[in-house]
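*Asks:* kindly generate the corresponding structure for this input.
(chains A and B)
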Amino acid sequence: MGYVLAVTTLWRREIVRFLRQRNRIVGALGTPLVFWLLIGSGLGSSFRSSGFPGGERYLEYSFPGTLALILLFTSIFSTISIIEDRQTGFLQSVLVAPVRRSAITLGKVLGSSSLALVQALIFLTLAPTVGIGLTPGKVVLLCGILFLIAFELSAIGYFIAWKMDSTQGFHAIMNLFLMPMWLLSGSFFPASGAPAWLRWLVHANPLTYGIAAVRRALYLGHVQSAPDLPPFGLCLTVTALFAALAFAAATLVASQPAR
Amino acid sequence: MTVSLAVEVENLSYSYPPARRGADPRTALRGVSFSVRAGEIFGLLGPNGGGKTTLFKLLCTLLLPTSGRAKINSLDTRASANEIRRQLGVAFQSPSLDKKLSVEENVLHHGHLYGLRGNELKRRIQTVLERFRLQDRSKEIVETLSGGMCRRVELAKAMLHRPRVLLLDEPSTGLDPGARRDLWDHLKMLREAGDVTVLLTTHLMEEAAECDRLALLHLGQVVALGTPGELVSQIGGDVVTVRVGNPQPLAGEIRNRFGVTPAILDGSIRIECREGHKFIPQLVESFPGQIQSISMGKPTLEDVFIQRTGHRIDE
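*Replies:* Alright, predicted model coming up:
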């Protein structure tokens, strides 16, 4: 009971904090939108010539990847706040409270995944503009998948941020590790045309399976649009497993005694 | 009757890991031992860097001892951190509030973390906010509050869940005199009520003098332990302070002539003696024209600290 109460209260704090910082909302939703429109429109013509299955346009191809980018930005920016919490001293009062470390981790990770999910869903309403039809069934399914990906990314962010003492350090790691993870997930270009070593990296990247699951859910019933994607079941299993693994790692690192 | 102990510290040492490879670990506490009886207001007095904050972090389970042990209500901080946390109320010296939240929200989240909820929690929030004169500010966002106001929220938070042991790190820092008096009135009220033990750190003499018992901490060691009265009475009689232009040679002469051990602090000569009122005339007559001013006082805790360490506390 105390566990749930602690998780809920820490989750609520994340939401309230986010809503009180308007610029975070603009940044997390606006940046991927601008990326999508600029890159999607700019690269669109060159991609059309190389031929996409079903004559898919690049704006349409990069739509699921942009959803993932929104999840990535929001999750990461909210988990960075653990560094801020440590610097402002808020964290120390949570650490001396009779609360399990997994509850502290869960509150933070759930908070940032909820925020990420809501923003991704706002973006999802644009799907029909690129010819992707939405049905209630699809939206429910997508909610689940997007939440899993957000949870996974938040837990990874938390894991990285826990030991850091500056947000600058986090940005460096983010550019080195998390952005390539997104680039190599089939969000930005399909693995099929890439060199073998890159294809291998794409297949080893857990986010690939998340994006593939989103793609499959968006085109539910249209099999022809996903010829070389891993099967749906595998996508969901890998995503769920990796989310659990990332959460376990985040809790573990937070449970170590302080230096 | 055996007195129950709320805090037991036995031969406690702590070293921070080296800042870089090859560097030496920084030892912050060296074999500290003392105990605090249930219901006491116990003070840790010492200069910044004396080890107070490290000791504080060890007691509130944020750090684990390098060696030795610390117990809260007979529970070892190493083995029973979670049970201990339930019984502790902690106010850190550095702020621990969420600046984007209101006063009330901060206290509310805190209550939830300690398993409080519903009407009971609402009632308690009401009570602590009133006690620290915050009820009119409860809806304000913390980042708009003054430093002193934040300290009060901090203290309100620490007491919300009615802890059995209160740990307060420099509780008066940033409080104006009125709020400081309020805090002490409240601490004394808690002491009268009987079941709360207070352990606080301070570098302020006036505050230390209010405590039931004190440990003086210097360079990671306890240099004196006792009630403020006991500590002060260890210095025999009076303290005479002599201001002169050049203290060094005169101090030597005073030592030779009177067989006392003068200390030099801030350019003044400081002498402990049994009967100051008899000593002063002799001193002035012995060194005519050399003394700019001379004063006598009853020893204070500062004098105890100086006697034990050779340093002022705020150096």
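
*Asks:* number of nearby residues for residue 116?
*Replies:* In the absence of a named chain, this looks at chain A. Counted with other CB atoms under 10 Å in any protein chain shown, residues neighbouring residue A:116 total 28. (Glycine included, C-beta is placed from N, CA and C.)

*Asks:* hmm, no, I was thinking of chain B.
*Replies:* 20.

*Asks:* I figured it was touching residue B:125, is that so?
*Replies:* No: between residue B:116 and residue B:125 there is no contact under CB atoms under 8 Å: 9.0 Å.

*Asks:* overlap in contacts, those two.
*Replies:* Here residue B:116 and residue B:125 have residue B:160 as joint contacts, going by CB atoms under 8 Å, 6 or more residues apart in numbering or on different chains.

*Asks:* which bits of chain A sit near chain B?
*Replies:* Within chain A, the positions adjacent to chain B are A:1-2, A:5-6, A:8-10, A:12-13, A:16-17, A:20-21, A:88-90, A:92-100, A:257-259 by CB under 8 Å from any CB of the partner chain.

*Asks:* same thing but at 10 Å, please
*Replies:* Within chain A, the residues that sit near chain B (CB under 10 Å from any CB of the partner chain) are A:1-3, A:5-10, A:12-13, A:16-21, A:84-85, A:87-100, A:103-104, A:107, A:257-259.

*Asks:* in helices only, show me those.
*Replies:* Of the positions in these, A:2-3, A:5-10, A:12-13, A:16-19, A:84-85, A:87-88, A:90-95, A:103-104, A:107 sit in helices, assigned by DSSP state H.

*Asks:* buried ones only from these, please, as a PyMOL command.
*Replies:* Buried residues within these, by 16 or more other CB atoms under 10 Å in any protein chain shown, are selected in PyMOL with:
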select buried, chain A and resi 2+5+6+7+8+9+10+12+13+16+17+18+85+88+90+91+92+93+94+95+103+104+107
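
*Asks:* what sits opposite the nearest residue to residue B:309 once chain neighbours are set aside in the beta ladder?
*Replies:* Sequence neighbours aside, residue B:218 is the residue nearest to residue B:309 in space, at 4.7 Å (criterion: CB to CB, 6 or more residues apart in numbering or on different chains). Beta-bridge partners recorded for residue B:218 (DSSP bridges): residue B:221.

*Asks:* ok, residue B:218 touching residue B:44?
*Replies:* No: taking CB atoms under 10 Å as the definition, residue B:218 is not a contact partner of residue B:44, at 11.1 Å.

*Asks:* identify the contacts common to the two.
*Replies:* B:50-51 (CB atoms under 10 Å, 6 or more residues apart in numbering or on different chains).

*Asks:* okay, the closest residue to residue A:15 other than its chain neighbours and residue B:109: tell me how far apart.
*Replies:* Leaving aside its sequence neighbours, residue A:15 sits nearest to residue A:111 (CB to CB, 6+ apart; 6.1 Å). Per CB to CB, to the nearest Å, residue A:111 is found 12 Å from residue B:109.

*Asks:* what residues are shared contacts of those two?
*Replies:* With CB under 10 Å, 6+ apart as the test, residue A:111 and residue B:109 both reach A:10, A:12-13, A:16.

*Asks:* turn those residues into TSV, columns for pLDDT.
*Replies:* Output for the shared contacts of residue A:111 and residue B:109, formatted as TSV (pLDDT from 0 to 100):
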residue	pLDDT
A:10	95
A:12	95
A:13	95
A:16	93
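
*Asks:* what's the closest of those to residue A:205?
*Replies:* residue A:10 (29.9 Å; CB to CB).

*Asks:* residues of stretch B:288-304 that come out buried?
*Replies:* In stretch B:288-304, counting by 16+ other CB under 10 Å, buried: B:291, B:294, B:299-304.

*Asks:* inside strands: which ones of these?
*Replies:* If you go by DSSP state E, those have B:291, B:294 in strands.

*Asks:* adding pLDDT and distance to chain A, write the buried residues of stretch B:288-304 out as a markdown table.
*Replies:* Below are the buried residues of stretch B:288-304 laid out as a markdown table (pLDDT from 0 to 100; distance: CB to the nearest CB, whole Å):
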| residue | pLDDT | distance to chain A |
| --- | --- | --- |
| B:291 | 86 | 50 |
| B:294 | 90 | 47 |
| B:299 | 84 | 37 |
| B:300 | 84 | 33 |
| B:301 | 87 | 29 |
| B:302 | 84 | 30 |
| B:303 | 84 | 35 |
| B:304 | 86 | 32 |
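
*Asks:* so between residue B:218 and residue B:44, which is more surrounded?
*Replies:* For the pair residue B:218 and residue B:44, the greater number of neighbours falls to residue B:44 (28 against 20), based on other CB under 10 Å.

*Asks:* next up, the contacts around the more buried one.
*Replies:* So residue B:44 contacts B:32, B:34, B:36, B:50-53, B:55-56, B:59, B:169-170, B:199-203, B:208, B:211, B:214-217, B:222 (CB under 10 Å, 6+ apart).

*Asks:* assumed it was part of a helix.
*Replies:* No: according to DSSP: H, G, I helix; E, B strand; the rest coil, residue B:44 belongs to no helix; its state is strand.

*Asks:* quickly note the distance from it to residue B:300.
*Replies:* Using CB to CB, residue B:44 is found at 17 Å from residue B:300.

*Asks:* once you drop chain neighbours, what's closest to residue 216?
*Replies:* Using chain A. Here the residue nearest residue A:216, using CB to CB, 6+ apart, is residue A:232, at 5.0 Å.

*Asks:* chain B is the one I meant
*Replies:* Per CB to CB, 6+ apart, closest to residue B:216 is residue B:224, 4.2 Å.

*Asks:* ok, now residue A:257?
*Replies:* Nearest to residue A:257 is residue B:64, by CB to CB, 6+ apart, at 5.0 Å.

*Asks:* quick one: the helices in the stretch 151-300 of chain B?
*Replies:* B:177-193, B:205-210, B:228-233, B:247-258, B:276-286 (DSSP state H, counting those that start in this stretch).

*Asks:* ranking the ones you listed by burial, who's on top?
*Replies:* Most buried of these, by mean neighbour count (mean count of other CB atoms under 10 Å in any protein chain shown): helix B:205-210, with a mean of 18.

*Asks:* now that one: average pLDDT?
*Replies:* What helix B:205-210 shows for mean pLDDT is 88.

*Asks:* likewise stretch A:155-162?
*Replies:* The average pLDDT for stretch A:155-162 rounds to 93.

*Asks:* pull the CA atoms of that stretch into CSV?
*Replies:* What follows is stretch A:155-162, C-alpha atoms only, in CSV (Å, rounded to 0.1, in the frame of the first residue of the first chain):
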residue,chain,number,x,y,z
ALA,A,155,14.5,3.4,-17.8
ILE,A,156,17.6,3.7,-20.0
GLY,A,157,17.7,7.4,-19.4
TYR,A,158,17.3,6.9,-15.6
PHE,A,159,20.1,4.3,-15.6
ILE,A,160,22.5,6.7,-17.4
ALA,A,161,21.5,9.8,-15.4
TRP,A,162,21.6,8.3,-11.9
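
*Asks:* picking that back up, could you verify my assumption that the residue nearest to residue B:216 touches residue B:43?
*Replies:* No: using CB under 10 Å, residue B:224 makes no contact with residue B:43, being 11.7 Å away.

*Asks:* overlap of the contact sets of the two?
*Replies:* Joint contacts of residue B:224 and residue B:43 (CB under 10 Å, 6+ apart) are B:214-216, B:301.

*Asks:* closest one of these to residue B:69?
*Replies:* residue B:215 (16.6 Å).

*Asks:* for the closest one, what are its contacts?
*Replies:* By CB under 10 Å, 6+ apart, the residues touching residue B:215 are B:9, B:32-36, B:42-46, B:52, B:55, B:199, B:201, B:221-226, B:231.

*Asks:* now do residue B:305
*Replies:* Contacts of residue B:305 by CB under 10 Å, 6+ apart are B:45-47, B:50, B:205, B:208, B:216-218, B:223-224, B:231, B:311-314.
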